[in-house]
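Student: model this:
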Amino acid sequence: MQCLHDPHVIVVDASWYLPAMQRDPKAEFLDAHIPGAHFYDIDRWSDPKSPLPHTLPSADWFAEGMRSVGVSDDSLVVVYDGMGLFSAPRLWWLLRCFGHLHVRLLNGGLPAWVAIGGALESGESGIDRGAFSVRACNEGLVGIDSVLEAIELGDKHVLDARGPGRFAGTEPEPRPGVRSGHMPSALNLPYPRVLQSDGRLKSSEQLETLWGELSLAADKPIITSCGSGISACILALALQETGRPVQVYDGSWAEWGSRSDVDVVCGPHPTP
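Tutor: Numbers count the residues shown, from 1 in each chain. Presented below is the predicted three-dimensional model:
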């Protein structure tokens, strides 16, 4: 990145990992990160009152989180993570939802940076607090009522980013008390299918081929879901890159699968 020394550019490491991965994102950041980057803890800056993981924070709490990593209203925010494209799209999506459109993702994340010989540093970087203000409220994120309405009306596609076993109900969910299976009429698109083998996002042409295989209508809005709202944002990124209207179901399967008043379907949805 040629812009690392621009004071208006804020580089943010938004790494987060599934418990089964047994990785500590903050420890890895302190060991090695892009020079000048700041660490953003997705769990810390989520809604502290919600029983669900990574839930959308209030506007005030999100703004405080952004200020804590030096983001101001005029900042260009460059977000990355330690896997390539995994958790960074969640922060990218949140920034856009709260009206900060001056945000970019480092395609391929830290692995891509290391692969081109990018410099690394360790320890904490000094942070000057930012002057960030929210300019929109929750645009692009929807709740369970919107998903129920979309399923009833059939006017939106619902794409589930979880693996086929969890989607079909043949593998258990990692969270206690959450049923496996999927929402009625949902389509299964495991998030790795929109990524190249090196963790970069596929080209627009490759993604359009994928949408065709899933028979996604070009003019039909899409809601993405996953286990807890992280990888749903990867699908949202891919869809937005190809100009598709998309929203993210914030509670995702952590909410849906724990509710006894909504339908859960088992069995695979045909995928190519």
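
Student: what's the spacing between residue 231 and residue 183?
Tutor: Separation of residue 231 from residue 183 (Cβ to Cβ, to the nearest Å) stands at 16 Å. Where C-beta positions appear, they are placed from N, C-alpha and C, glycine not excepted.

Student: again, but for residue 261
Tutor: 13 Å.

Student: with neighbour numbers in mind, choose between the two.
Tutor: residue 183 (24 against 6; other Cβ atoms under 10 Å).

Student: contacts only, for the closest residue to residue 163 other than its chain neighbours.
Tutor: Nearest residue to residue 163 in three dimensions, chain neighbours excluded: residue 190, at 5.2 Å (Cβ to Cβ, 6 or more residues apart in numbering). By Cβ atoms under 8 Å, 6 or more residues apart in numbering, the residues touching residue 190 are 161, 162, 163, 164.

Student: now, these that are in helices?
Tutor: Here DSSP state H is the test, and the contacts of residue 190 give residue 164 as lying in helices.

Student: and the contacts of residue 190 as CSV, adding neighbour count and distance to residue 32?
Tutor: Output for the contacts of residue 190, formatted as CSV (neighbours: other Cβ atoms under 10 Å; distance: Cβ to Cβ, whole Å):
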residue, neighbour count, distance to residue 32
161, 28, 28
162, 25, 30
163, 16, 29
164, 14, 34
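
Student: ok, which pair from the contacts of residue 190 is furthest apart?
Tutor: Using Cβ to Cβ, those span at most 11.2 Å, a distance reached by 161 and 164.

Student: how far off centre is the lowest-mean-pLDDT helix or strand in the chain?
Tutor: Within the chain, no helix or strand scores below strand 141-142, which has a mean of 92 by mean pLDDT, DSSP states H and E. Put simply, strand 141-142 sits 12 Å off its chain's centre (Cα atoms, centre = their mean, to the nearest Å).

Student: check which element follows that strand along the chain.
Tutor: The helix or strand immediately downstream of strand 141-142 is helix 144-153, counting by DSSP states H and E.

Student: next one: stretch 83-100 to chain centre, how far?
Tutor: 6 Å.

Student: flag every buried residue along that stretch.
Tutor: 83-98, 100 (16 or more other Cβ atoms under 10 Å).

Student: and what of stretch 141-148?
Tutor: 141, 142, 144, 147, 148.

Student: identify the bridge partners of the first one.
Tutor: Each beta-bridge partner of residue 141 is listed here: residue 248, as defined by DSSP bridges.

Student: that one is in contact with residue 246, isn't it?
Tutor: No. Residue 141 is not in contact with residue 246 according to Cβ atoms under 8 Å; the separation is 10.8 Å.

Student: what sits against the nearest residue in space to residue 257 that is not next to it in sequence?
Tutor: Distances taken as Cβ to Cβ, 6+ apart place residue 178 nearest to residue 257, at 4.0 Å, with adjacent residues excluded. Shown in contact with residue 178 (Cβ under 8 Å, 6+ apart): 253, 254, 257, 258.

Student: show me where pLDDT drops low in the stretch 1-150 of the chain?
Tutor: 1-5 (pLDDT under 70).

Student: SS state for residue 72?
Tutor: coil (DSSP: H, G, I helix; E, B strand; the rest coil).

Student: roughly how far apart are it and residue 66?
Tutor: 8 Å.

Student: overlap of the contact sets of those two?
Tutor: By Cβ under 8 Å, 6+ apart, the residues touching both residue 72 and residue 66 are 130, 132.

Student: neighbour count: the two, which is higher?
Tutor: Higher neighbour count among residue 72 and residue 66: residue 66, with 29 against 18, using other Cβ under 10 Å.

Student: let me see the contact set for the more buried one.
Tutor: Residue 66 neighbours (Cβ under 8 Å, 6+ apart): 95, 100, 130, 132.
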